[in-house]
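**Student:** The following comprises the amino acid sequence and a computationally predicted model.
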Amino acid sequence: MIPVPDPRQPLTDVEMCELDDWLQVRAERIAAEQGDDVDPGVCSLSELDGFLTAIVSGPNTVMPSTWLPALSAGRDQPFADPADEQHVLGLIMRHMNGIVGTLMQNPEGFEPIFDEFEELDQPFVLPWCAGYVRAMALDAGWDTEDDELSLALLPILVFGAELDDEITDDLDDQDLDLMAAQIPDCARSIHAYWLARRTPGHSPVQTAEREGPKVGRNAPCPCGSGRKYKQCCLH
């Protein structure tokens with residue numbers, strides 16, 4: 001009998017690559033069958049990470065029966081093999097559980113999964129933000145004019161949504177770089193904002209103030225092992 005993975009176990013790098021490949025192939029299949037102008041839904045692991053982060057951070061509980069179809073914009077085809085379906089769903093749920101666990105227990109350790117390209121000097125944040133905004137559309141509770149929330153959401157909306165020209169016309173490259181760097185902290189703040197309102201009396205987890213710059217997932221681990229941080233001490 002094949003052992004069933006612990007649903008609390010974070011995805012390995014191999015499993016993340018597998019999920020990323022599945023999302024891309026699924027999106028390509030939808031485009032091939034229904035046309036390139038059709039929204040194929042979530043297309044990459046980075047976009048899925050943003051989508052699930054918003055799902056677990058929002059004002060209300062969005063059930064899987066709502067957000068799972070939204071992953072493919074309602075255009076997905078049934079799995080030919082139920083075992084394959086359970087495997088993929090297991091990977092998605094484990095990744096979501098990992099996001100929840102980090103945001104609840106160690107918010108300072110939360111890091112969005114941004115796409116990385118060698119030609120860019122910084123992470124490519126657009127897919128992650130687009131996934132976040134896609135999930136926001138599933139819950140009307142996000143529609144609030146609270147200044148605290150609006151300020152935290154602004155960097156995500158700048159990269160993930162079509163905003164009025166009045167908001168974006170005055171932004172130069174330096175402004176955009178600054179906003180991109182703020183997204184991890186904004187995601188933590190948004191989660192804490194809604195958590196406090198969903199659970200009155202909740203006190204956010206206190207974490208020690210970080211000394212020195214944050215270590216990226218693909219940077220050498222500061223422990224000196226020679227391995228990437230995500231493969232060593234991140235978990």
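**Tutor:** Arrived safely. Please read these numbers as outputs of a predicted model, since none were measured by experiment. Residues are numbered from 1 along each chain as shown.
**Student:** Whichever helix in the chain runs longest: which residues count as buried?
**Tutor:** Longest helix of the chain, by residue count under DSSP state H: helix 173-198. Across helix 173-198, burial judged by 16 or more other Cβ atoms under 10 Å covers 176, 179-180, 183-184, 186-195. All C-beta spots, glycine's among them, are computed from the backbone N, C-alpha and C.
**Student:** Can you tell me which of the residues you listed is closest to Val62?
**Tutor:** Trp194 (12.0 Å; Cβ to Cβ).
**Student:** Isn't the closest one up against Pro59?
**Tutor:** Yes - here Trp194 reaches Pro59: they are 5.1 Å apart, a contact under Cβ atoms under 8 Å.
**Student:** By mean pLDDT, point me to the weakest helix or strand of this structure.
**Tutor:** When the helices and strands of the chain are compared on mean pLDDT, DSSP states H and E, helix 165-168 comes out lowest with a mean of 57.
**Student:** tell me the mean pLDDT for the longest helix of the chain?
**Tutor:** Mean pLDDT, helix 173-198: 92.
**Student:** which secondary structure elements does it contact?
**Tutor:** With contacts defined as 3 or more Cβ pairs under 8 Å, 6 or more residues apart in numbering; DSSP states H and E, the packing partners of helix 173-198 are helix 45-57, helix 82-105, helix 126-136, helix 147-160.
**Student:** low-confidence ranges in the protein?
**Tutor:** 1-6, 77-78, 80, 117-122, 163-170, 200-235 (pLDDT under 70).
**Student:** rerun that using 50 as the cut-off
**Tutor:** Flagging of the chain using pLDDT under 50 yields the residue ranges 1-2, 202-214, 229-231, 235.
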